[in-house]
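# Return a 3D structure for these sequence lines:
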Amino acid sequence: MLWQNQNRHERELVRRHTETSSEQIRIRIEGLMNARMASLESLAERWVERVPSDFSQNRFLEFAEMFYSHYPGFWGIHWIDPEGVVRWVFPKNDNEGIIDTPIFDPQDYQKYKKFPILHTDQNIITPCVELVQGGLGYNIFLPLIYSGEIQGYLNGVFQVKRIMDICLVKDTLENFWVRLYEANQLIYTNEQQGDRSPEKSELQVDREIRFPGKIWKLDLVPKDIIYPSGKIWKVSVFIFGLVVSAILSLLLHLLLERMQMYREARDQALQEVRERKRTEKALIENENKLEATLAELADKNKELETFVYTVSHDLKTPIVTIEGFIGALREDFGDLIDENAEKYLNYMSDASRNMEFLINDLLHLSRIGRLPERKIEFSFDDLMKKVLKTLQPFIDERGVTLKIEKDLPVIYGEMERLGQVMENLLSNAVKYIGKENPAPQIDVGAIEQDGQKVFFVKDNGIGIEKHYYQKIFEIFHRLPSGKKLGEGTGVGLTIVKRIVEHHGGKIWLESELGKGTTFFFTLKDKGM
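Numbering: from 1, shown residues only. This next block holds a predicted model:
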């Protein structure tokens, strides 16, 4: 029994070690590749968003060198022209041979036809193949779109071996056989020629690795160095122990049986007493820690509130100063200010006002959930009346028709916060409804869906592309159309989402380009 227990214990330790190592490898690979994909998208955005546009080779090489050095893992970063020919590469040492070559040979067109790399506005991720530079790897193609035209493609090249060299630590390579598959293709292994091929065993651990465009399967098998396969020495120990145990059992059976019964009873009683005392002590310590933590948290919240107000005041003071000096310049030197100078002063004034709006939005965002207000029941109709006192002039100025359903339901929550939700949704609808819209209209109402009240704000404006549905709720993220209009701080929809979730609800949208957008949101009822 001891021999069997020891074997089970050893197998369990090795199995847990294998599972932990495979999970660490999965986390490292997914983290590395998600970060590299994000960095490649960031490079594409920074290149395209330059005003005025600059798609020169020098600027590409500056960007490529910066991202290549700061984000290890790239085999190469290339620019491909709109016709699919590689023009610029970085670094040149490993990639110089592919300059001025098409991304696939003409005779291989049918092979690659199912990957519509050319003339598409979507990101393309290829399967793992033998790279021209050497080794198995894959390519990522990101279209560079400026003013509706494709300026070329940003190409990130990743070699599987380089990725694994970064993600695998020395101990893992020494202790395990590692195999990595894409579909049924083996794309990486640390086995060398002449090594004994690891057999599938109960200790083998499989993991699925997922990151944008890829699903890899990882197989991890312990080497003999941590779990020897031979058991001859264990059998010898077993036979020797069995003989000794048999002899001793014949001589000491009765005595040991009595002593064991007494010892177990005594140990169990002592263990129960120790456990009871330890539990009582732990409970007392946890109660004391909880009280201390709550008191500390209350102090920290108070300090944070004081800090927020102080920082807000300190940030607004320079803005007021700037506005004051702009006014003084206009008043004292109005005759000397030419048209260009007046334009620069207007830029400065607009920037300071935008900064003030941004500070106010960040203050609103910081207070949500941290400084809760009293929740009450009130009519949605009353909420809309309160909101329209502020927004009606803005709506009338834009010539927008606002239709609000009658007899909207009663809701439960913080009236001031929910007023912010409707103000942000309505003001956004007015801003993006389109200046050329012949009949701008906004509808506000509620529907019943799966036994729950769903509120909506619908407009017939310019619409939102589907891949922006989630991004617009991220802080400081604005649509390209919003950047052109120069309106908003990129915080409004973040505030809306935070308030709705603070009230136990969720928010989503449906949209179609050129036909408008509808925002839906729910709120938790009082009894829930």
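# and the longest helix for the protein?
helix 232-332 (DSSP state H).
# Touching stretch 5-24 from outside, list them.
Stretch 5-24 has contacts (Cβ atoms under 8 Å, 6 or more residues apart in numbering) with 172, 175-176, 202-207, 218, 220-222, 226-227, 234. The C-beta positions use only the backbone N, C-alpha and C, and glycine is treated the same way.
# Where does pLDDT dip in the stretch 151-300 of the chain?
Counting by pLDDT under 70, the stretch 151-300 of the chain has low-confidence residues at 193-201, 227-238.
# please redo it, this time with the cut-off set to 80
Residues of the stretch 151-300 of the chain that meet the criterion pLDDT under 80 lie in 193-202, 224-242, 297-300.
# Next: the stretch 1-150 of the chain.
Flagging of the stretch 1-150 of the chain using pLDDT under 80 yields the residue ranges 1-7, 50-55, 94, 97, 103-121, 133.
# Just the strands from it, written as ranges.
76-80, 86-90, 124-125, 129-130, 136-146, 149-159 (DSSP state E, counting those that start in this stretch).
# In CSV, list those along with mean neighbour count and distance to Tyr262.
Converted to CSV, the strands of the stretch 1-150 of the chain look like this (neighbours: other Cβ atoms under 10 Å; distance: least, Cβ to Cβ, whole Å):
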stretch, mean neighbour count, distance to Tyr262
strand 76-80, 24, 75
strand 86-90, 20, 78
strand 124-125, 17, 69
strand 129-130, 12, 72
strand 136-146, 20, 67
strand 149-159, 21, 67
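# can I get those in CSV with distance to Lys453?
Listed next are the strands of the stretch 1-150 of the chain as CSV, based on distance: least, Cβ to Cβ, whole Å:
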stretch, distance to Lys453
strand 76-80, 51
strand 86-90, 55
strand 124-125, 42
strand 129-130, 53
strand 136-146, 40
strand 149-159, 45
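# my guess is Pro72 meets Ile166, correct?
Yes: assessed by Cβ atoms under 8 Å, Pro72 is found in contact with Ile166 at 6.1 Å.
# Count the neighbours of Tyr344 for me.
For Tyr344, the count of nearby residues is 11 (other Cβ atoms under 10 Å).
# Next: Tyr68.
Counted with other Cβ under 10 Å, Tyr68 comes out at 20.
# mind listing what it touches?
Contacts of Tyr68 (Cβ under 8 Å, 6+ apart): Phe74, Ile77, Phe90, Pro91.
# I'd assumed Gly152 was in contact with Phe55.
Yes: contact criterion Cβ under 8 Å: Phe55 and Gly152 qualify, at 7.3 Å.
# Mutual contacts of the two, please.
By Cβ under 8 Å, 6+ apart, the residues touching both Phe55 and Gly152 are Leu144.
# what's in contact with stretch 460-471?
Residues contacting stretch 460-471 (Cβ under 8 Å, 6+ apart): 429, 432-434, 437, 439-441, 472, 477, 479, 481, 508-509, 511-517.
# before we move on, what about stretch 35-55?
59-60, 63-64, 67, 70-71, 73-74, 77, 140, 142, 144-146, 151-152, 154, 156, 158, 211-212.
# Show me what counts as buried in that stretch.
Within stretch 35-55, the residues that count as buried by 16 or more other Cβ atoms under 10 Å are Arg36, Met37, Ser39, Leu40, Glu41, Leu43, Ala44, Trp47, Val48.
# before we move on, the earlier item: could you give me the PyMOL selection string for whichever of the contacts of stretch 5-24 are buried?
Selecting only the buried entries of the contacts of stretch 5-24 in PyMOL, with 16+ other Cβ under 10 Å as the criterion:
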select buried, resi 172+175+176+203+204+205+207+218+220+221+222+226+227
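# nearest to Val457, of the contacts of stretch 5-24?
Arg207 (44.3 Å; Cβ to Cβ).
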